[in-house]
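S.K.: fold the following for me, if possible:
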Amino acid sequence: QVQLVESGGGLVQAGGSLRLACAASGRTFSTYGMGWLRQAPGKEREFVAGIHWNGGRTYYTEAVKGRFTISRDTAKNTVYLQMNNLKPEDTAVYYCATCPFCYGEGAFTTSTRYDYWGQGTQVTVSS
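M.R.: Okay, here's the model as predicted:
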């Protein structure tokens, strides 16, 4: 069993920044890929960013490249999503999830590859 708890969401003006954190427990965190996905009202859940189990490679959806950075601290069992230059279209509930045996972009961008999910944290960007 795995528990994931997100934090760091909130309300921010366009152009601002937020840092999301996802604390993991209950599994050997360091051996699994991790991802951030989001779901906006009326839309399907979509991939945002993913990171290999050892942090060696990262992947981003095109809409956030150059603005968002995913990282992980294995000692703290935590994965982060630094979000800069936020836009109103980034407004969504953000979820972190574990991605076992994910080694390439195709795996991380497929939502059905994720097995454990956090409860989500709301990010609202005002214009």
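S.K.: all helices of the protein, in order?
M.R.: Secondary structure of the chain (DSSP state H): helices at 105-108.
S.K.: what pLDDT does residue 112 get?
M.R.: Looking at residue 112, its pLDDT stands at 93.
S.K.: typo on my end, it should be residue 26
M.R.: Residue 26 is assigned 81 on the pLDDT scale.
S.K.: and it, how many residues sit next to it?
M.R.: Residue 26: 11 surrounding residues under other Cβ atoms under 10 Å. In short, each C-beta sits where N, CA and C put it, glycine included.
S.K.: what does it show for phi and psi?
M.R.: phi 100, psi 0 (degrees, to the nearest 10).
S.K.: show me what contacts it?
M.R.: With contacts defined as Cβ atoms under 8 Å, 6 or more residues apart in numbering, residue 26 is in contact with 1-3.
S.K.: strands of the chain, residue ranges please.
M.R.: Counting by DSSP state E, one finds strands in the chain at the ranges 3-7, 10-13, 18-25, 33-39, 46-51, 58-60, 68-73, 78-83, 92-99, 121-126.
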